[in-house]
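Trainee: Compute the structure for the input listed below.
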Amino acid sequence: MPSLFSIPATRSTIPEVLFQFLVVLLDERPDDPGGLCQRLGHTPIPEAPMIESVSYTSSELSEAGAEVLMDFQRVNDLKAPDGHAIPAFLLSPASPRGGAVVCHGYGGSKEQMLGIAATIAEKGTAALAIDLCGHGENRTPIGPAMRDELEAAVTFVRRFGRTAVIGHSLGGRLALMSSANVMVAMSPSVMVQMSPQGKWMFENLPSPGVREPYSGYVLELLEKLGPVPSHDRRCLLLYSERDIQALLDGAAGLQAQLPGAEKRLVSEDIRPDVQHESGLIRYLPRWFNHSELRFNPSASETVGSWLADHLASA
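Mentor: Numbers count the residues shown, from 1 in each chain. Sure, this is the predicted structure:
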């Protein structure tokens with residue numbers, strides 16, 4: 001059997017992995033001009049210099065002339081009054097013109113509200129998306145303490161200037177109950193009475209996104225939270241054009257007790273009504289339109305534009 005170096009070879013015919021193996025096997029350094037490198041025609045690659053890692057804040061980058069659209073970070077220091085942590089994500093532009101809390105509905109989570117939060121941040125307002133107790137990463141038992149959690153979040157975003165709360169469904173009801181300067185309630189869960197179909201849905205098709213003591217607990221929770229208080233701050237009531245009828249009916253009562261409320265309807269990208277002998281099946285498109293409003297592009301754009309127009313003057 002011929003020896004290793006009786007086989008004609010050049011550097012180009014030997015794979016890098018095999019070459020490095022030979023270097024180690026023969027105990028020769030690649031930078032040794034009289035060793036294996038020279039015999040195979042290898043040109044050593046100079047060792048790259050160490051580069052020190054440097055980080056900059058969004059404000060520093062903006063001052064240096066770099067374009068920074070927004071900063072995304074997990075918030076670890078948001079606490080409720082009793083000391084428990086409130087999981088949250090913060091989306092902030094380089095120079096925020098106010099701060100907004102973005103609040104999910106019953107069975108939702110902060111991740112499901114990131115589309116709306118991003119739209120808000122793109123229009124110049126820092127957006128803090130939170131997990132209410134009993135939802136998402138918030139392991140605190142569900143209950144009316146979520147009002148205190150929301151107020152803690154409003155306090156947090158005051159560092160950015162004037163404040164807003166944007167909420168969907170249950171989060172919309174909480175938004176209208178908050179101390180923020182302005183509010184956006186997307187199909188808020190405010191109604192004279194829940195329909196039999198809605199009650200059936202909560203009791204028989206409970207959301208896996210909420211840790212509730214029993215199916216249908218939402219009715220008890222709404223009672224414990226209490227009614228939306230009357231105030232004259234600016235607020236937007238945003239519904240699907242074909243929303244749950246009980247919620248659309250509830251809008252009239254909200255407008256009567258909230259002089260600063262403006263109602264708008266979203267007509268794009270919503271489900272049509274269906275004709276069927278079953279009341280539950282006729283109800284389902286309305287249920288989906290309510291639930292999917294948080295993902296509706298037209299709704300997100302309406303929220304972002306309205307907030308940009310009204311927050312600065314609140």
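Trainee: switch to C-alpha atoms for all contacts and neighbour counts from now on
Mentor: OK.
Trainee: How are the strands of the stretch 201-314 of the chain distributed by residue range?
Mentor: For the stretch 201-314 of the chain, the strands defined by DSSP state E, counting those that start in this stretch cover 235-240, 261-266.
Trainee: Tell me which strands the last one pairs with, and in which orientation.
Mentor: In this case it means strand 261-266. Partner strands for strand 261-266, per DSSP bridges, with pairing direction: strand 235-240 (parallel).
Trainee: which other residues reach the strand it pairs with?
Mentor: With contact meaning C-alpha atoms under 8 Å, 6 or more residues apart in numbering, strand 235-240 is reached by 176, 182-188, 248, 251, 260-267, 270, 289-290, 293, 299, 306.
Trainee: Most tightly packed of the strands of the stretch 201-314 of the chain?
Mentor: Greatest average neighbour count among the strands of the stretch 201-314 of the chain goes to strand 235-240 (a mean of 24), per mean count of other C-alpha atoms under 10 Å.
Trainee: Skip the chain neighbours and tell me the closest residue to the most centrally placed residue in the chain.
Mentor: For the chain, the residue nearest the mean C-alpha position is Leu114 (2.6 Å; C-alpha atoms, centre = their mean). Once flanking residues are discounted, Leu114 sits nearest to Ala129: 7.0 Å by C-alpha to C-alpha, 6 or more residues apart in numbering.
Trainee: Tell me how the chain divides into domains.
Mentor: With domains defined by automatic domain parsing, the chain comprises 4-40, 70-310.
Trainee: where among the ones you listed is the average confidence lowest?
Mentor: Mean pLDDT is lowest for domain 4-40 among the domains of the chain, at a mean of 49.
Trainee: what about the residue nearest to Leu114, which SS state?
Mentor: Per DSSP: H, G, I helix; E, B strand; the rest coil, the secondary structure class of Ala129 is strand.
Trainee: Can you get me a residue count around it?
Mentor: Ala129 is flanked by 31 other residues according to other C-alpha atoms under 10 Å.
Trainee: and if you look at the one 3 residues further on?
Mentor: Per other C-alpha under 10 Å, the neighbour tally for Leu132 reads 33.
Trainee: Counting neighbours, what do you get for Arg233?
Mentor: Look at Arg233: counted by other C-alpha under 10 Å, it has 16 neighbours.
Trainee: Give the closest residue to it in space, chain neighbours not counted.
Mentor: Closest residue to Arg233 apart from its sequence neighbours, by C-alpha to C-alpha, 6+ apart: Gly260 at 5.4 Å.
Trainee: Over to Ile120?
Mentor: Gly304 (4.9 Å).
Trainee: Quick check: that neighbour vs Cys133, distance?
Mentor: In this view, Gly304 and Cys133 are 26 Å apart by C-alpha to C-alpha, to the nearest Å.
Trainee: Give me the sheet partners of the helix or strand hosting Ala164 and which way each runs.
Mentor: Ala164 belongs to strand 163-168 when assigned by DSSP states H and E. Using DSSP bridges, the strands paired with strand 163-168 are strand 99-103 (parallel), strand 182-186 (parallel).
Trainee: Pick the most buried one from these.
Mentor: For these, average neighbour numbers computed from mean count of other C-alpha under 10 Å are highest in strand 99-103, which has a mean of 31.
Trainee: need the next SSE after that one, C-terminal direction.
Mentor: For strand 99-103, the following helix or strand on the C-terminal side (DSSP H and E) is helix 114-122.
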